[in-house]
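[1] what shape does this take:
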Amino acid sequence: HNGMRDAGEEGVEGAKVLAIDIEGDKVSYATTDKDGRYMIDYLGKNTYYLQFDIPPGFKMTSANRGIDDTLDSDADGSNGMNTTKWYNILPGEHLENVDAGIVAGALPVVWSDVWAENRGSWNYVEWTTQSEWNLSHYEIERSVENTVDFISMARVEGGENTFISQTHHFDDYALETAGIYYYRIKQVDYNGDYEYSKIVSVQVKEQQNADKALSLYPNPVVSQLTASLYNPSTDGQIDYKIYDASGRLVLEKEKVAWRLVSNSLKFDIKVDQLEAGVYSIHVLKNDNRYIQKLIVIK
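    Residues are numbered from 1 along each chain as shown. From the prediction side, this is the model:
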C-alpha cells in the first residue's frame, strides 16, 4: 500500500506488459513470471511507454514513492491508466527496473462519513474519507422521492494518493420541488472500478416565494444594497445571514433597523467587505425565511 516493494512481498504472476510506441502502436508485450519479472526484447530505436494490464483482484499503488528505483513503482499514469512515462530506447540498450506496484484487494477509498442538510435554497452534501488511493474522481448522484432513480449531478476530481483524512462537499442549488432528496457518492478508480457510499437524505420544505416577497437593489452590487421585504406586519425582528458559494456563513446581523415604505420593510446591507462572487442571502422574520441570490462585483 505504500508504493514500495517491502521485504517479503512476492511478485505477481500473469500481468501483461505492453510496449507502445510514439505512434500509439502496441509493438511488443510480455507476461510476468511467478516472481513478477518480465522482459520485452528486440525493441527498435524509438520512444516507448509501458502499459500494465494487471490480473483481476489487484489495484495499482502510487508511483515514485522512494529514492530507490529498484523498489518503487514507475506506473505513474503519464500516458493513461496504468502507464509509465516515455522512454527513449537505443539499439543494444538494456533498461532495467521499469516496475509497476500492485496490491491485492486495495480499496481506493475508505469512507469515514457522508451527510447532508438543507440550507434554505440549496442542499449541502459532505463526505469524509480516511484514505484515498488510485482514485480518479467522485460522482455525486441524486434521486428525488425514491432511492431508485439516481442521476449524476456533479463530478469532483480525485487528488494525490493519501492516508490523511480528506473532506469534500457539493452544493446542490438545483432544487426542483419540496420533498425528500436522496444522495449517494460514487467513487471511481483509475481501473474503471467503482463503489458507492451509503445513501443520505434531506427533507426540503416549501419555501416562501422569495421572488415576490424579497427583492434586492442593486443586484449585482458593489458595496451596499437595499433589501425590500413585502410583509406588512411590523411585529417581530428581522435578521439576515449571507452564505458564500461553498455554504460558509460570511456575514450576519440580528435585529436589523428597518423602515416601512408602501407595505414593504426596507433595510440596508453593506457588503463592501465581501469578495466578488455569488452569495445566498437568508432573511428571517418571525418563523418565515426568505432567500435570494446575491451577486457581488468589484
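[2] where does pLDDT dip in this structure?
    For the chain, the stretches flagged by pLDDT under 70 are 1-4, 7, 56-57, 104-108, 163, 176, 206-212, 231-232.
[3] next one: the residue of it most remote from its centre from residue 153, what distance?
    Residue farthest from the centre of the chain, counting by Cα atoms, centre = their mean, is residue 262 at 47.2 Å. From residue 262 across to residue 153, the span is 41 Å (Cβ to Cβ, to the nearest Å). Just so you know, the C-beta spots here come from the backbone N, C-alpha and C atoms, and that holds for glycine as well.
[4] same deal with residue 77?
    Distance from residue 77 to residue 153, counting by Cβ to Cβ: 27 Å.
[5] what residues sit buried inside stretch 177-190?
    Buried residues in stretch 177-190, defined by neighbour count with 16 or more other Cβ atoms under 10 Å: 181, 182, 183, 184, 185, 186, 187, 188, 189, 190.
[6] list of residues touching the helix or strand hosting the fourth one?
    Of the helices and strands defined by DSSP states H and E, residue 184 is found in strand 179-189. The contact list for strand 179-189, computed with Cβ atoms under 8 Å, 6 or more residues apart in numbering, reads 59, 108-109, 114, 116, 123, 125, 127, 134-147, 150, 152, 172, 175, 194-204.
[7] now, which of those residues lie within strands?
    Taking DSSP state E, the ones among the contacts of strand 179-189 that sit in strands are 59, 109, 114, 116, 123, 125, 127, 135-144, 152, 172, 194-196, 200-204.
[8] export stretch 191-208 to CSV, keeping only CA atoms.
    C-alpha atoms of stretch 191-208 as CSV (Å, rounded to 0.1, in the frame of the first residue of the first chain):
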residue,chain,number,x,y,z
ASN,A,191,-9.0,1.0,-13.3
GLY,A,192,-12.6,1.9,-14.1
ASP,A,193,-14.0,0.1,-11.0
TYR,A,194,-16.4,1.9,-8.7
GLU,A,195,-18.3,1.7,-5.5
TYR,A,196,-21.0,3.7,-3.7
SER,A,197,-21.2,5.4,-0.3
LYS,A,198,-24.2,5.0,1.9
ILE,A,199,-27.3,6.9,0.9
VAL,A,200,-28.3,10.0,2.9
SER,A,201,-31.5,12.0,2.6
VAL,A,202,-32.6,15.7,3.0
GLN,A,203,-36.1,16.9,3.7
VAL,A,204,-36.8,20.1,1.6
LYS,A,205,-39.9,22.0,2.7
GLU,A,206,-41.9,24.6,0.8
GLN,A,207,-40.2,27.9,0.8
GLN,A,208,-41.7,31.4,0.8
